[in-house]
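1. Any chance you could fold what I've pasted below:
(3 chains)
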Amino acid sequence: MSAVLEIGDVSVAAGEIVALLGGNGAGKTTLLETVLGFSSGRVTLFGRDVSTLAVERRIALGVGYVPEGRRVFAGLTVRENLEAASSLPAGQRRQRVEEMLALFPMLGERPEARAWLLSGGQQQMLALARALMDRPRLLLLDEPTLGLAPVVVADLLRRLSAMTADGTAILLAEQRAALALGVARRGVVLSRGQVVRRGSAAELAADPMLADLMAGA
Amino acid sequence: MRLSPFWLVLLVLPPLVALATLPPFGQRMVILAGIYGLMGLGYQLVFGQLGALNLAQGALFGLGAYAAALAAPILGPFALPAAILAAAIPAALVAAPLLRLQSHYFALATLALASLVNLVAVHAEGLTGGANGLAGFATSLPRGPVLLVTVWVCLIAGVLLYAWLFAGTTGKKAHLLREAPLLAAALGIDGAAWRFVAFVVGGALAGLAGACSAALSGVVSPEATGLSIMVLCLTLVVLGGSRHPLGAVVGAALAVGLPELLRDLQGAWLLAYAVATLAVVLWAPEGLAGLIDRLRGARRSPLILPTLPTSVPPVPGAQRLTIDGVSKSFGGVQALDDVSLLVDRGEVVGLIGPNGSGKTTLLNVINGFEHVDEGTVALDDRRIERLPAHTVARLGIGRSFQALALAGDTKAADLARAVATGAAFLLLDEPAAGVGDHERRALPAFLANLRDAGRGVLIVDHDIELLSRACDRLVCLDRGRVIASGSPAEVRADPRVRASFLGLDGIAA
Amino acid sequence: MAYALVALGFVLALNAASAVNFAHGDLVVLGGAVASFVGLSIGLPAMLLLPMVAIAIGVVGIVAARIAILPLASRPPEATFVATIALAAIIEQSLTIAMAGAPRTAPALLGGGSIYIAGFVLGRQPLAIVVLGAVLVAAVWFLLERTQTGRRMRAVAADRYMARAVGIPVGRYVMLSLALSGALAGVAGFLLGHQFLVAPTQGAGHMLKAYIAVALGGWGSVPGALLGALGIGLFETFVAAGFGDVWASAALYICVLAVLALRPQGLFGEPVGRRA
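-> Okay, here's the model as predicted:
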């Protein structure tokens, strides 16, 4: 299986979810930002070296990003958030927006609502839908479950699992290890910017030292 | 910076040369340069040192000019102090409400103020003579050597005082206020008081300059309060060097000398001047004086960053820090929920918890960066939860930061600074984050020193190993609530704590 | 209405560059000056001249931003403050020099006078200003609210980082906003230049009005800026009717100071970072 993403010791292949674990300050966000191009570093995307490519160009290659804290475009409506994030031609774009609204009922209910009015869970779904607009082959998520109700978390994780069926590669950065390992195939634990543990999701979940690792020991 | 002989000579030379050799016309130019220098020096206090986008300096100059013109027939030379007051008092009155404003609002407010003053000057015919201004009034000081000496003595004294003042701790504190206001507050610096004093003193100097200008030309027109004088003030300060002690003087010399040099180009000198200002902002932000210093090879005193102190002096102060029932929410998110904990002197308490658990919010609430919604924070019996941050700092709470606020700062320096304030209680936010192994290994000994010296420490970090070794007690927060508290071994073994770090409770539903 | 255009341009530049452009008012004056120079020397009909002026000042706006604002983005705010003030002075002085030779206060040309049929005793030019202004404002509104370009401009203004992270080429949209800002300023200058003579020193006054409109209407809000501008216009008209122009201006300044003194966070309480 060829890797969709390679950065340092971390790789993600098509159709798999890799959990990127580690406590606060472990370096998860920094790694994601390096993949995107906000920080410099060697990155291989879809088999090519994109280290000198600008952020916007990397996204155009087929990357979707759901940042920590969602960062929806506050003053824009749900529909406008989705449209602005897409580089598709107008007809296809509008079609895709309708698809998204159908796929995410809680967004479909109020497509003309300003994004700042939405609840945390709704904003998270909007951030995810926004990232999916142009059918990315690689999806990056930074702590998407933070502050969400368990029901919403379960829904989110289910959707992520379903995405792998059509080959989407997902790198899921999470502090809540058990959640991420529940949907991932493999996991990587970061501490102070370095990979300190690697393995299948099952191995990591069973590791008694995991809590300590997550707590930063 | 201490004034080097080079600059001292340059400072004293113009008036001496003017008195000795120049004809009255030349002397008038030197007087004018001195006047602009005074106004600029005042502006350097607010704009240069504190970084405030002040557009009212011209108006204060004009107030001084008009006051001098009106008062001179009655008060003679005492019109000068009167003019100073005429500028300083309005400055003091508007300072308090205005200085609270964010930079872009502050700029607008000062601009509106200046426009208002200008409007009055143009239209209050009875008082100000309207658009034609006042003329032919008996000047407060005779034009010529007396005025020259007065202006330049004041200017030289001002520059020397400025240089002396800002070379030392005052300069460092101003730098902090400008670059990292939160850090400054945590060190006990009262930003509001500083800005007030700078604004009023700066205004007083503008008033003095205006009064001398009235004495020099014998005419005062609304031009003196207009935007052009304000722009002149700003540009001469920037050109000369907004923080350099001789910045105002150098800029003023240019402002007076350039029209003469470019006399053939008539109006073009102002254009050249504005272009020069833009060039300086883009490529030589330290100004011409700063550039000259650089070319002279004058070394800036290297920034010596303190390292972790090896010995920590004991300090007086409160004996117990009590946090009781504190709750805080931000826009619907409950960051802290009924949090209570104690820190005594001579103990090190560690605060742990996953991302978003409220640790930094708790620290912010204790030292006054945020206000509680409910609950109390107290030092012994004294409630401190409603006090401003700089007051809390002075009462004995020091703080180090997770993200370093100053460019070029180090974690060790940040910690050392907090300790050096002599605070009885220290709040340390992730001192181990982002530091090398060597520094990390030095931390337990540092914390032990703090404990032995009788300080109370509340430390937030993610390095459980470190905290287990260094702390007497651990407190674990999860989603704003305290879920465990006790010895490090107890807390680490607590199943609720382990679950919170794995996120296990998230899938309970 | 012309002030609405000025305020609109001002807020667009503000959102694009995250900085106050003190030279904006002078772009307006430049528009009037270009209109009067070109119009007098080549007798172009207004309808052709207008887009020319818009494009010209749009370009100037971009150049100005590339020199004095964008390179200073990572410096403290004093830097752009001084740079744009210096830029304003440069434009003002250049105009002063340029116009000293030519008939100094050249009134801008016929403006829209020859196009409209005045049924009543309505001044043609004021009517033209109102209509044209309304059309432009509506056009900008349409651009921002109903087109992908406008949506993306708003996304960039809302969260520049995230805009890049969804693939929006931010640099391009910033340029676009700045071009539009300049074009609006130029058109406003053209329209104003007929009724009020073009004088280089007017720049500061225009800028101050726009600044007030944006501060009162909600910092960075486009509808707020428009409302603010209209509000200022109405306020001044009423006060002037009762007490004269001078009191109108004075009252405006006093009101601004009062509002800022009482509500330091602005009329609509935006969540800006704290003042220590």
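2. switch to C-alpha atoms for all contacts and neighbour counts from now on
-> Fine.
3. Would stretch A:142-151 count as contacting chain C?
-> No. If you take CA under 8 Å from any CA of the partner chain as the test, stretch A:142-151 misses chain C, and the best it gets is 12.9 Å.
4. Start and end of that stretch, how far apart?
-> Taking CA to CA, to the nearest Å, stretch A:142-151 runs 19 Å from one end to the other.
5. What's the mean pLDDT across that stretch?
-> In this model, stretch A:142-151 has an average pLDDT of 86.
6. What strands line up against the strand or helix carrying B:A378, and which way round?
-> For B:A378, the host element (DSSP states H and E) is strand B:374-379. Each strand paired with strand B:374-379, and its direction, by DSSP bridges: strand B:320-330 (antiparallel), strand B:382-383 (antiparallel).
7. Pick the most deeply packed of those strands.
-> strand B:320-330 (a mean of 19; mean count of other CA atoms under 10 Å in any protein chain shown).
8. what does the strand holding B:A378 rub up against?
-> Applying CA atoms under 8 Å, 6 or more residues apart in numbering or on different chains, the external contacts of strand B:374-379 come out as B:318-328, B:338, B:366, B:383-385.
9. sorry, back to before: and C:I42, which of the strands paired with strand B:374-379 is closest to it?
-> Closest approach to C:I42 among those (CA to CA): strand B:320-330, 61.8 Å.
10. how many other residues sit next to the residue in chain C positioned nearest to chain A?
-> For chain C and chain A, the shortest gap (CA to the nearest CA) falls at C:G167, measuring 4.1 Å. As a burial measure, C:G167 scores 25 neighbours (other CA atoms under 10 Å in any protein chain shown).
11. I'd like the next helix or strand past the lowest-mean-pLDDT helix or strand in chain B.
-> Ranked by mean pLDDT, DSSP states H and E, the weakest helix or strand in chain B is helix B:125-128, scoring a mean of 75. Next helix or strand after helix B:125-128 toward the C-terminus (DSSP H and E): strand B:134-135.
12. That next one - what's its average pLDDT?
-> Strand B:134-135 comes out at a mean pLDDT of 80.
13. number of nearby residues for A:D9?
-> For A:D9, using other CA under 10 Å, the count is 9.
14. Got phi/psi on it?
-> Dihedral pair for A:D9: phi -90, psi 0, per degrees, to the nearest 10.
15. Which pLDDT value belongs to it?
-> 86.
16. Next, find the distance separating it from chain C.
-> Look at A:D9 and chain C: by CA to the nearest CA, to the nearest Å, they are 23 Å apart.
17. Do you know the pLDDT at the nearest residue to that residue once chain neighbours are set aside?
-> Excluding the flanking residues, the one nearest A:D9 by CA to CA, 6 or more residues apart in numbering or on different chains is A:V195, at 7.1 Å. pLDDT, A:V195: 90.
18. give the contact list for the residue in the stretch 301-450 of chain B positioned nearest to chain A.
-> Minimum separation of the stretch 301-450 of chain B from chain A (CA to the nearest CA) falls at B:N355, amounting to 5.8 Å. Contacts for B:N355 (CA under 8 Å, 6+ apart) come out as A:23-24, A:175.
19. just the residues you listed that are near chain B?
-> A:23-24, A:175.
20. Below-threshold pLDDT in the chain: ranges please.
-> In the absence of a named chain, chain A is used. By pLDDT under 70, the weakly predicted segments of chain A are A:1, A:215-217.
21. um, chain B though
-> In the predicted model, chain B carries pLDDT under 70 at residues B:1-2, B:264-267, B:299-303, B:503-509.
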